[in-house]
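Trainee: Need the 3D shape of this:
(one chain, ligands or ions: 1)
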Amino acid sequence: MTDVKYTIELFEPLQHLFQVTIHISPKDEHPVLFELPNWIPGSYMIRDFAKHVIAPKASDHLGALTLTHQDKCRFSVKHKNQPFQVTYQYYAYDLSVRKAYLDQEFGFINPCSALYSVKGFEEKIHHIELVQPNSEEFAKWQVATGLKQIDDSEKFSWGNYQATNYQTLTDHPILFGQLDIAEFTIEDVPHYLITAGRHFGDLERVAKDLKPLCQYHCDMFNGLPEEVDQYLFLTMVTDNGFGGLEHLNSTALLCSRYDIADASTEIEDNEDYQTFLSLCSHEYLHTWNVKRLKPREFIPYQFEQEVYTKQLWFYEGMTSYFDDLSLVQTGLISKQKYLKTLGKALSRIERGQGQLNQSVLDSSFHTWSKFYQQDEAAPDQIASYYVKGAAIACMTDLILLANSNGQVNLKHIMNEAWHKFGKTNLGTTQEKLEELFLHYLPKQFHQTFIDALYNAEKLNLVEVFNDIGVTLKYQSQQDYTNFSTNAEPTVNWLGAMLTTGFPPKVKQVLNNSPAQRAGIAVSDELIAINDIKISDKSLKVLLKNNSQPYCEIRFFRKDQLLTSKLPLEPSEPFIADLQITDQEKVDWWLQI
Ligand code: ZN
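Mentor: Reported below is the predicted structural model:
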């Protein structure tokens, strides 16, 4: 046997420890090299997963073998040309979709973060055995994974699974626990919505909402990728987490127990549920767009170090545009609600000066050290290839629709990209993507599109919206702080993000804001305005009702009390407001 097998056990759930045993039959007498990825596709940051590996040991039937660490993520094993095994514990206490988690309620492994590859065996069949603990408390636990089940026990059973090679193994997360499962079918392919962790929702109802979203994306690409014969939404439910990561035939999701709808939930009235559906839609679209159709640089993934690509404006931008658009186009939310949601995204782009310091191509390229390592200055320094990428997607869609009387749209580009570069497994380059967009876009918009990608400048969307029957106006922030949109008349604002409670601590200060001009900085503790203690209420009143151009603000920096003049002025108009003026044209866009 020259295949490789991984046995995964819930070693000490209360101590958050899995145990992994890798069984190998070496091909010759040379030492065997084991390597663990340093990052996981879809989340572009070096995470050094091997730091969670505890005491790896090698042995064969005669006893211990020598295991030598080569660097942070690799070790080699000297063996006797006989089958041997490597065993280690993995500390699983990262409640995110990127690594692993285990406690008494549920477990999760993203194999990319926990299972070593074996050099020379990467293209072999990889066997995975999931071992159910003996004790009573795990009697009702099941497992859910998109890995191929190879014994004929029931679905979601513990037991034996396999992947065609190592890279495939890394793309199949595994969820353990008392699972709540709802099933639906898209084009004869079973889809499962699976949760672990307490919630108060109705999964059948959520599945009913997911079904048209999945169908929507299938229609965009003329069906599911051939090899997808099941799809799983693997959802960890917790108190207030949120996140998603795309995989080959599943997605790993993290949400709050309050995000999951029950039978009576109105989507439009429940921002959290709408966001959850949009997340599901986003990750499902990735089944095509980035998991199969992907940057050529990612074929195959190089897990050792950063892999640079300029193309995330396409892979995350298009996906982000369609995640919300799919909700209105399938009738799950109204046009007005969609325009409100889109307006919020456009406001986020304008709220800081990030787009003036970085193009979306640069944002993609530097994601490893910037987008994924944001600090308090991020809104003024970073352009989001997600949000601005989505705005570029929207701009393209509207230009195509307005110039073809509603006949051509962005889905045509997505479909062609899929058939040319995805199905064929060729991958894309930045040049090929540009060529494709310019092929569809009318000539007079070519420069607009190229500028949108390459320039660190504002997008001019007013006319583009106008041509599709929507007015776009930017207004001042209508609340004093925290960059929210409330329905109050324009008031003066601070331009800083604060913590709640007293004294509020400054989390973020925008460039050019009154707070910045007053010399307020991150970590300052705000005490009083015009000798009144600062609170949510007093800020609102004092900033609004002041006839002077300034008020006096007191704050602690470190342990020193400082006083400064805070200018009283409204924000720059950065809150996007979208209103329909031509229903027929809008229907080209928002109805299918
Ligand atoms: Zn994404």
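Trainee: any idea where the helices of the stretch 301-450 of the chain begin and end?
Mentor: In the stretch 301-450 of the chain, the helices defined using DSSP state H, counting those that start in this stretch lie at 312-315, 317-329, 335-351, 360-365, 378-381, 387-402, 410-417, 430-440, 446-454.
Trainee: just the angle between the last one and helix 430-440, please?
Mentor: In this case it means helix 446-454. Inter-element angle recorded for helix 446-454 and helix 430-440: 150 degrees (by axes from the mean of the first three to the mean of the last three CA atoms, to 10 degrees).
Trainee: And for helix 446-454, what's in contact with it?
Mentor: 313, 359-361, 392, 395-396, 399, 434, 437-438, 441, 457, 459-460 (CB atoms under 8 Å, 6 or more residues apart in numbering). Placement of C-beta: from N, CA and C, glycine included.
Trainee: give me the element Lys571 is part of.
Mentor: Heads up, residue 571 is Ser, not Lys. If you go by DSSP states H and E, Ser571 is not part of any helix or strand.
Trainee: Determine which stretch of the helices of the stretch 301-450 of the chain is the most buried.
Mentor: The highest average neighbour count among the helices of the stretch 301-450 of the chain, using mean count of other CB atoms under 10 Å, belongs to helix 312-315 at a mean of 26.
Trainee: And the ion, is that one touching that?
Mentor: No: Helix 312-315 lies apart from the ion when judged by CB under 5 Å from the ion; the minimum separation is 7.3 Å.
Trainee: pLDDT on that helix, on average?
Mentor: In this model, helix 312-315 has a mean pLDDT of 98.
Trainee: chain center to it, what's the gap?
Mentor: Chain-centre distance of helix 312-315: 13 Å, with CA atoms, centre = their mean, to the nearest Å.
Trainee: which residues sit in contact with Gly244?
Mentor: 97, 251-254, 279-280, 282-283.
Trainee: Kindly confirm my reading that it is in a strand.
Mentor: Yes: counting by DSSP: H, G, I helix; E, B strand; the rest coil, Gly244 is part of a strand.
Trainee: Next one: it from Gln579, what distance?
Mentor: 31 Å (CB to CB, to the nearest Å).
Trainee: residues in this structure within reach of the ion, list them.
Mentor: So the chain meets the ion at 316, 319 (CB under 5 Å from the ion).
Trainee: Mind doing that once more with 6 Å?
Mentor: For the chain, the residues in contact with the ion (CB under 6 Å from the ion) are 282, 286, 316, 319.
Trainee: just the buried members of those residues?
Mentor: 282, 286, 316, 319 (16 or more other CB atoms under 10 Å).
Trainee: what helix or strand does His69 sit in?
Mentor: Going by DSSP H and E, His69 is part of strand 63-71.
Trainee: What residues of that strand count as buried?
Mentor: 65, 67.
Trainee: what sits opposite Tyr231 in the beta ladder?
Mentor: Bridge pairing for Tyr231 (DSSP bridges) gives the partners His191.
Trainee: ok, now how distant is it from Glu434?
Mentor: 32 Å.
Trainee: cool, Lys544 as well?
Mentor: 48 Å.
Trainee: ok, now Lys294?
Mentor: 17 Å.
Trainee: Mind telling me which residue is nearest the centre of the chain?
Mentor: Gly244 (4.9 Å; CA atoms, centre = their mean).
Trainee: what packs against the helix or strand bottoming out on mean pLDDT in the chain?
Mentor: Of all helical and strand segments in the chain, the minimum by mean pLDDT, DSSP states H and E falls on helix 536-544, at a mean of 83. Secondary-structure packing of helix 536-544 (3 or more CB pairs under 8 Å, 6 or more residues apart in numbering; DSSP states H and E): strand 525-529.
Trainee: any idea how far the strand it packs on is from the chain center?
Mentor: The answer for strand 525-529 is 36 Å, by CA atoms, centre = their mean.
Trainee: contact partners of it?
Mentor: Contacts of strand 525-529 (CB under 8 Å, 6+ apart): 498, 503-506, 520, 533-534, 538-539, 542-543, 551-556, 561, 566.
Trainee: which regions of this protein sit below the pLDDT cut-off?
Mentor: Scanning the chain for pLDDT under 70 picks out 1-2, 478-491, 545-546.
Trainee: what do you get if the cut-off is 80, keeping everything else the same?
Mentor: Across the chain, the ranges flagged by pLDDT under 80 are 1-2, 477-492, 544-547, 592.
Trainee: what's the nearest residue to the residue lying farthest from the centre of the chain if we skip its chain neighbours?
Mentor: What lies farthest from the middle of the chain is Leu62; by CA atoms, centre = their mean that is 46.9 Å. Here the nearest residue to Leu62 in space, its sequence neighbours aside, is Lys80; by CB to CB, 6 or more residues apart in numbering that works out to 7.5 Å.
Trainee: Report the contact partners of Pro379.
Mentor: Per CB under 8 Å, 6+ apart, neighbours of Pro379: 351-354, 508, 510.
Trainee: Now list the buried members of the contacts of strand 525-529.
Mentor: By 16+ other CB under 10 Å, the contacts of strand 525-529 give 498, 503-506, 520, 534, 539, 542-543, 551, 553-555, 566 as buried.
Trainee: Tell me the one among those nearest to the ion.
Mentor: Nearest to the ion among the buried ones among the contacts of strand 525-529: Leu498, at 29.8 Å, using CB to the ion.
Trainee: Can you pull the phi/psi pair for the nearest residue to that closest one once chain neighbours are set aside?
Mentor: In space, and not counting its chain neighbours, Leu498 is closest to Pro504: 3.9 Å by CB to CB, 6+ apart. Dihedral pair for Pro504: phi -70, psi 140, per degrees, to the nearest 10.
Trainee: I'd like the distance between the residue nearest to Phe121 when sequence neighbours are not counted and Ala417.
Mentor: Among residues not flanking Phe121 along the chain, Val4 sits closest, at 4.7 Å (CB to CB, 6+ apart). Using CB to CB, we find Val4 at a distance of 35 Å from Ala417.
Trainee: Phi, psi for the residue farthest from the centre of the chain please.
Mentor: The phi/psi pair for Leu62 (degrees, to the nearest 10) is phi -100, psi -20.
Trainee: Three-state assignment for Ala521, please.
Mentor: Secondary structure state of Ala521, per three-state DSSP, is coil.
Trainee: just checking, it touches Phe556?
Mentor: No: in this structure, Ala521 is not within contact of Phe556 by CB atoms under 8 Å, at 11.3 Å.
Trainee: how long is stretch 127-144 end to end?
Mentor: 16 Å (CA to CA, to the nearest Å).
Trainee: oh, I was asking about stretch 296-312
Mentor: End-to-end distance for stretch 296-312, by CA to CA: 12 Å.
Trainee: hmm, back to that, I'd like the next helix or strand past the strand holding His69.
Mentor: strand 74-78.
Trainee: next SSE after that next one?
Mentor: Assigned by DSSP H and E, the successor of strand 74-78 is strand 84-91.
Trainee: What are the contacting residues of that following strand?
Mentor: Taking CB under 8 Å, 6+ apart as the rule, strand 84-91 contacts 11, 16-24, 26, 34, 52-60, 65, 67, 77, 100, 114, 116.
Trainee: now the residues you listed: which count as buried?
Mentor: Using 16+ other CB under 10 Å, the buried ones in the contacts of strand 84-91 are 11, 16-24, 26, 34, 52-53, 56, 58-60, 65, 67, 77, 100, 114, 116.
Trainee: Name the residues of stretch 565-576 that are buried.
Mentor: Buried residues in stretch 565-576 (16+ other CB under 10 Å): 566-569, 571-572, 574-576.
Trainee: In PDB, list the C-alpha atoms belonging to it.
Mentor: The C-alpha coordinates for stretch 565-576 follow below in PDB (Å, rounded to 0.1, in the frame of the first residue of the first chain):
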ATOM      1  CA  LYS A 565     -11.000  72.800  20.500                       C
ATOM      2  CA  LEU A 566     -13.300  70.600  18.500                       C
ATOM      3  CA  PRO A 567     -14.600  72.200  15.300                       C
ATOM      4  CA  LEU A 568     -18.400  71.800  14.900                       C
ATOM      5  CA  GLU A 569     -19.200  70.900  11.300                       C
ATOM      6  CA  PRO A 570     -21.000  68.300   9.300                       C
ATOM      7  CA  SER A 571     -19.100  65.500   7.600                       C
ATOM      8  CA  GLU A 572     -18.200  65.400   4.000                       C
ATOM      9  CA  PRO A 573     -21.100  64.100   2.000                       C
ATOM     10  CA  PHE A 574     -20.200  60.400   1.800                       C
ATOM     11  CA  ILE A 575     -23.500  58.600   2.600                       C
ATOM     12  CA  ALA A 576     -24.800  57.200  -0.600                       C
END
